[in-house]
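K.L.:
What follows is a predicted protein model with its sequence.
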Amino acid sequence: MPAPQVLFVTSNRIGDCVISSGVIREIGRQLPGAEITVACGRPPAPLFRAAPGVVEVIPWDKKSLSGHWFDLWAQARRTRWDLVIDVRGSALAWALNAKRRVVYSRKLETGRRKVETATAMMGASEPLHPEIFLDDRARAEAAAVIDPQLAAGGGPGPILALAPIAHQPGKSWPADRWGALVERLKAEPRFDGWRFMPVGGPGDRPPATPALEAAGPRGIDFVGKGDILASAAAIDRAALFVGNDSGLMHVAAAARRPTLGLFGPTEWWLYGPWGPRTRTVASNETRGQFAPIENLTVDHVFGAVIALHDAHPPA
């Protein structure tokens, strides 16, 4: 019998792709031996290249007048799909030849965590935990950047990964406070010998600069040094992660790193990092209420980092 053909249409955003990444394993459970085609935005596309069962990744770029959906339909219409899964809730699944369709609907939104929403959409009996599918290429790319800087900075030590970026207005803690946080952590005995590694894309240099400057010789620069899977491999080298509400925060949690997410006027109770080794700190910690992320003080974040460290000390 030919292998079942599955089309998994996920997000153009890194964080949303990570949140729904547990769908990959669930496809294998529901359709053993399935050949999976993933359609997603171009930046998150590398996340799926080594995922189990994935035979093709179709990256798409958003276009005006929903042109990206027509492009994807043109690439997918010739296949007779055994299953089409669309977490975007578009009309694409209904325009393709498919035996079965699983399509996101707003009716699934009941105030639960987004991972739980994906779980309910798939009809799974257990939570579909997000996962990062690292490969040797990503690990080698991360090592090529990190290892020389470790050697130049006096040798190996536990790494604190930082993501001082977010690409939506209001979600970025001020850059100068990231520098102040690193200064505080450098002076804290718990972090003697630790290295500080900002991670981000090519456009994230300005918000990462104060943290790198504060770290000095103890800094590791992984800003704009590779694609998202290389960045995930870099974060996988860390003993602790602190970041804004961003895709990298979800990557760190999915990689099972102790993760602290910083939240301002966004729904931390829905989008907080997933897993038992994660915590959030919010400018307003009352569910349903918000405050500017600038209300988060360095003292507040520093205390949360210490608490996370003490709960999950490096091995």
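P.N.:
Ah, there it is.
K.L.:
show me what contacts residue 130?
P.N.:
18-22, 115, 250, 253-254, 274 (C-beta atoms under 8 Å, 6 or more residues apart in numbering). C-beta: built from backbone N, CA, C; applies to glycine.
K.L.:
mind redoing it with 10 Å?
P.N.:
By C-beta atoms under 10 Å, 6 or more residues apart in numbering, the contact set of residue 130 is 15, 17-24, 114-115, 118, 250-251, 253-256, 273-275.
K.L.:
So which residues of this structure form helices?
P.N.:
Using DSSP state H, the helices of the chain run over residues 14-19, 23-30, 67-76, 114-122, 136-152, 175-186, 205-215, 228-236, 247-254, 268-271, 298-311.
K.L.:
same for the fourth one, what does it pack against?
P.N.:
Here helix 114-122 is seen to pack against helix 14-19, helix 23-30, strand 83-86, strand 101-103, helix 247-254, helix 268-271 when contacts are counted using 3 or more C-beta pairs under 10 Å, 6 or more residues apart in numbering; DSSP states H and E.
K.L.:
sorry, back to before: distance to residue 37, mean neighbour count and mean pLDDT for the helices of the chain - can I get that in CSV?
P.N.:
Converted to CSV, the helices of the chain look like this (distance: least, C-beta to C-beta, whole Å; neighbours: other C-beta atoms under 10 Å; pLDDT from 0 to 100):
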stretch, distance to residue 37, mean neighbour count, mean pLDDT
helix 14-19, 15, 25, 96
helix 23-30, 11, 19, 98
helix 67-76, 7, 15, 91
helix 114-122, 17, 20, 96
helix 136-152, 21, 16, 96
helix 175-186, 39, 20, 97
helix 205-215, 35, 20, 96
helix 228-236, 18, 25, 98
helix 247-254, 21, 30, 97
helix 268-271, 27, 18, 94
helix 298-311, 38, 16, 98
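K.L.:
Residue 60 is nearest to which of those helices?
P.N.:
With C-beta to C-beta as the criterion, residue 60 lies closest to helix 67-76 of the helices of the chain, at 4.8 Å.
K.L.:
And the contacts of that closest one?
P.N.:
Contacts for helix 67-76 (C-beta under 10 Å, 6+ apart): 7, 9, 12, 37, 39, 41, 56, 58, 60-63, 84, 88, 90-93, 95-98.
K.L.:
change it to 6 Å
P.N.:
Residues from elsewhere that reach helix 67-76 (C-beta atoms under 6 Å, 6 or more residues apart in numbering): 7, 39, 58, 60, 62, 90, 92, 95-96.
K.L.:
Over to stretch 82-91?
P.N.:
Contacting residues not belonging to stretch 82-91 are listed as 4-10, 20, 69, 92-93, 96, 98-104 [C-beta under 6 Å, 6+ apart].
K.L.:
which among the contacts of helix 67-76 end up buried?
P.N.:
7, 39, 58, 60, 90, 92, 96 (16 or more other C-beta atoms under 10 Å).
K.L.:
quick one on the thing from earlier: any chance of the helices and strands packed on helix 114-122 in a markdown table, plus distance to residue 151?
P.N.:
Below are the helices and strands packed on helix 114-122 laid out as a markdown table (distance: least, C-beta to C-beta, whole Å):
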| stretch | distance to residue 151 |
| --- | --- |
| helix 14-19 | 30 |
| helix 23-30 | 36 |
| strand 83-86 | 45 |
| strand 101-103 | 49 |
| helix 247-254 | 24 |
| helix 268-271 | 38 |
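K.L.:
Perfect, that will be all.
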